[in-house]
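Q: model this:
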Amino acid sequence: MPQLNPGGKFIFGWSVIAPDGRVRLPEQAVREYGLAEEKHVYLFTGSGSTGGFCVTRKGLLGRSRLSHILEELPQLKNYTGDEGAFLPYKGRAYCWTPVTGGGELILSEEMRKVLGLSLGGKLLSIRSSDIAFTMGAKGPLLERAEGYLGEIPVY
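A: Sure, this is the predicted structure:
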């Protein structure tokens with residue numbers, strides 16, 4: 001997978017939001033972040049410049065300096081809130097949703113509305129940190145990826 005510029009963000013690949021809302025996460029990201037270890041993932045709203053959403057799991061978030069999010073939102077931590085229902089917290093919104101062992105999840109109409117995404121939209125999977133990766137929907141990095149002459153896999 002490429003870095004679009006030297007020292008820049010690592011790109012896993014593109015994902016397309018299918019007509020049924022299904023999104024296939026890049027295989028390397030699924031492995032690197034251990035998504036097959038748990039049956040659910042957490043999604044949270046992306047940055048203002050990249051949009052989209054970030055993906056993590058309880059085992060990563062719960063051991064990080066951001067573990068307070070789970071303590072403050074027990075319905076997120078315990079998966080007792082409604083599946084895919086975003087909860088606001090300190091300027092971002094968080095939800096949980098099931099994920100298959102192969103890294104597929106479904107973005108409901110309501111989830112897409114909160115995230116500002118449309119069916120058929122392309123998302124660029126970007127390594128963000130050791131806690132989460134981003135499925136970006138806009139901004140300079142996506143523009144650079146669109147013009148990249150090398151190969152970026154599509155999932």
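
Q: Which parts of the protein are strands?
A: Counting by DSSP state E, one finds strands in the chain at the ranges 11-16, 22-24, 40-45, 53-56, 87-89, 92-98, 104-106, 122-127, 133-136.

Q: Which neighbouring elements make contact with the third one?
A: Spelled out, it's strand 40-45. Contacts defined by 3 or more CB pairs under 8 Å, 6 or more residues apart in numbering; DSSP states H and E place strand 40-45 against strand 53-56, helix 58-61, strand 92-98, helix 109-115. Quick note: C-beta positions are derived from backbone N, CA and C, even for glycine.

Q: Apply 6 Å and report the result again.
A: In terms of contacts (3 or more CB pairs under 6 Å, 6 or more residues apart in numbering; DSSP states H and E), strand 40-45 is packed against strand 53-56, strand 92-98.

Q: List the neighbouring strands of the last one plus their orientation.
A: Spelled out, it's strand 92-98. Counting by DSSP bridges, the strands paired with strand 92-98 are strand 40-45 (antiparallel), strand 87-89 (antiparallel).

Q: Touching the shortest one from outside, list them.
A: Applying CB atoms under 6 Å, 6 or more residues apart in numbering, the set of residues contacting strand 87-89 from outside is 73, 94.

Q: Of the helices and strands packed on strand 40-45, which stretch is the most buried?
A: Highest mean neighbour count of the helices and strands packed on strand 40-45: strand 53-56, a mean of 26 (counted as mean count of other CB atoms under 10 Å).
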